[in-house]
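Q: only the shape, not the letters, is given here:
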């Protein structure tokens, strides 16, 4: 009987948080297909450690930590592969993106941030995660979260200031 309760609780957790975890992975990696894969992989890990996840102060923070770790591993792997392909001249730099220019500008600016700053900015601003929870997710101090978030937001603002945002309306920034 408790096994069925666990399955029900996990399915409820999955239904409630799959979209947000996939969005988190997308914002960190910039790739929708990879984001879905990472979110799925994260839920496999959540299920494998379901007792520990349920017992955590914040199960969603635990799951976000898994997603950010998987995304970090994926980025490191891509960086190594990309460097090798660039050296061999096998990689083109142009991609036919269909997103709006404003979204591309923000994605490009986010991608320019160092990974830890990007993670902090995304968790704090896109997901409104409290600093203490971000610290727990990323395994760093609250002070480091504040520093990375502040510096990342300032850097992001600098990057975006130099890009013409095409949002269709006035924007004060």
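A: Received it, and whenever you're ready, just let me know what you need. Small disclaimer: the values here were computed from a predicted structure and weren't measured. Residues are numbered from 1 along each chain as shown.
Q: mean confidence score for stretch 31-45?
A: Per-residue pLDDT over stretch 31-45 has a mean of 94.
Q: next, the buried residues of it.
A: Across stretch 31-45, burial judged by 16 or more other C-beta atoms under 10 Å covers 34, 35, 37, 38, 39, 41, 42, 43, 45. Quick note: C-beta positions are derived from backbone N, CA and C, even for glycine.
Q: quick one: the helices in this protein, in order.
A: For the chain, the helices defined by DSSP state H occupy 2-29, 32-48, 50-55, 59-88, 101-112, 115-121, 131-138, 142-161.
Q: out of the ones you listed, which one sits most buried?
A: The highest mean neighbour count among these, using mean count of other C-beta atoms under 10 Å, belongs to helix 115-121: a mean of 23.
Q: which one of the helices of the chain has the poorest average confidence?
A: helix 101-112 (a mean of 76).
Q: still on that earlier bit, dump the buried residues of stretch 31-45 to JSON lines, plus distance to residue 105.
A: Shown next, in JSON lines, are the buried residues of stretch 31-45 (distance: C-beta to C-beta, whole Å):
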{"residue": "34", "distance to residue 105": "21"}
{"residue": "35", "distance to residue 105": "19"}
{"residue": "37", "distance to residue 105": "26"}
{"residue": "38", "distance to residue 105": "24"}
{"residue": "39", "distance to residue 105": "25"}
{"residue": "41", "distance to residue 105": "29"}
{"residue": "42", "distance to residue 105": "28"}
{"residue": "43", "distance to residue 105": "31"}
{"residue": "45", "distance to residue 105": "33"}
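Q: all set now, cheers.
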